[in-house]
Each structure stands twice: as C-alpha cells, then as structure tokens.
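J.: Sharing a model that was predicted from the sequence below.
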Amino acid sequence: MNSRKGSVFVEFAMLFSVLVLLVMAAGDFGRIFFDGIIVQNSASTGAHWGSISTGHAASISKVEARALQDTDTLADVLAIASQFCECPPNNPNDFTTPGTIVSCDLAGVEGTCTAGTYGYPRVYVKTRVETIFQTIGPYPGIPQNSEVSREAYMRVQ
C-alpha cells in the first residue's frame, strides 16, 4: 500500500509541474497580446494627434510624447515619430497606385510634385512605438525577451 501512495505522489508532482508550466505559458501568451494592443493604440494615438494639423505634424517631439501617454502600464517604451510627403498618382481616382515620396516643407505645405502626378503633396505622420516583452520564466525553445513594435500612419488634415 505504501508504494502505491508514493507512486501517486510522484505522478502528481510530475503532472503538477507540467500544469504550472502551461498556466505560466498561457499567462505570458495573454500578456504579450495585451502589450501588443497597448503598443498599437499608442502608435495610433501619436499618429492621430500629429495628423490634426500641419503644426502638430511638424512637432515630432509632441507626437512622440502623445504616443507615450498611453503606455503607462509598460516599462521601457520608445516612440519614434516622423513625417513625409507623397505626390499622388496622375489619376485622382486611382487609389491602388502608390504615390512618389518627395521632400516638403511642413510650415507652408509647399512641395514640388513633378509631371505625371496630380495635385499638391499629401503630408503623412508615421509613429512607431516599441517595447521589450519579458516572459515570466524561461521556456524551452522560446526567447525570454521579445520586441513588440507597431507602426501607424495617418494623413495630415
């Protein structure tokens, strides 16, 4: 009878360690998706704030600060904002052909679109937010640190 009790205890110990590993992995799986959602929302917030006007788009540090306001539950977050201009294709109804990236002055939205394009340059704001996700514990074959990053682009109004 004593050997049976001992074998049950050993089986329980082996099964319990596997169950703990599965629960930790499920928790980490949820946490990395949660971090991804926060990072995506932060990038979208920064790009949205920068797209309100050309004055907002020109203030890169404020766009980055606005993006970081949504990441208060994460540590070691980096926001990188930039702006660029694009000349639309010649056909104003062509929404599938990408435009040509050009340099432009955001102060007066002055730019030069060459022949073969239609209208004035379109001004865009791009925000990239990134953080490092660290798992609860080490898992075989899975890195303990992973980068979570998202980008958002919006056209300036």
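T.: Good, I have the coordinates. Numbering: from 1, shown residues only.
J.: where along the protein do the helices fall?
T.: Under the criterion DSSP state H, the chain contains helices at 2-50, 54-58, 60-68.
J.: Select, out of those helices, the one closest to residue 150.
T.: Nearest to residue 150 among the helices of the chain is helix 2-50; the distance by Cβ to Cβ comes to 4.3 Å. C-beta coordinates here come from the backbone N, C-alpha and C atoms, glycine included.
J.: any idea of the angle the closest one forms with helix 60-68?
T.: Helix 2-50 and helix 60-68 are oriented at 140 degrees to each other (axes from the mean of the first three to the mean of the last three Cα atoms, to 10 degrees).
J.: Point out the other helices and strands that helix 2-50 packs with.
T.: The helices and strands touching helix 2-50, judged by 3 or more Cβ pairs under 8 Å, 6 or more residues apart in numbering; DSSP states H and E, are helix 54-58, helix 60-68, strand 77-87, strand 122-134, strand 145-155.
J.: which stretch in these has the least confidence?
T.: Mean pLDDT values for the helices and strands packed on helix 2-50 show the minimum at helix 54-58, a mean of 85.
J.: Grab the nearest non-local neighbour of residue 146.
T.: Nearest non-adjacent residue to residue 146, counting by Cβ to Cβ, 6 or more residues apart in numbering: residue 133, 4.9 Å away.
J.: That neighbour reaches residue 31, doesn't it?
T.: Yes: assessed by Cβ atoms under 8 Å, residue 133 is found in contact with residue 31 at 7.2 Å.
J.: The two: which has the busier surroundings?
T.: Neighbours per residue (other Cβ atoms under 10 Å) separate residue 133 from residue 31, with residue 133 holding more: 18 against 14.
J.: Please report the distance of residue 80 from residue 61.
T.: Distance, residue 80 to residue 61, by Cβ to Cβ, to the nearest Å: 11 Å.
J.: who's more crowded, these two?
T.: Taking neighbours as other Cβ under 10 Å, residue 80 and residue 61 compare with residue 80 leading, 17 against 9.
J.: and the more buried one, bridged to which residues?
T.: Residue 80 has these beta-bridge partners by DSSP bridges: residue 128.
J.: Quick check, it in contact with residue 149.
T.: No: taking contacts as Cβ under 8 Å, residue 80 lies outside contact range of residue 149: 9.5 Å.
J.: which neighbours do those two share?
T.: Taking Cβ atoms under 8 Å, 6 or more residues apart in numbering as the criterion, residue 80 and residue 149 both touch 128, 129, 130.
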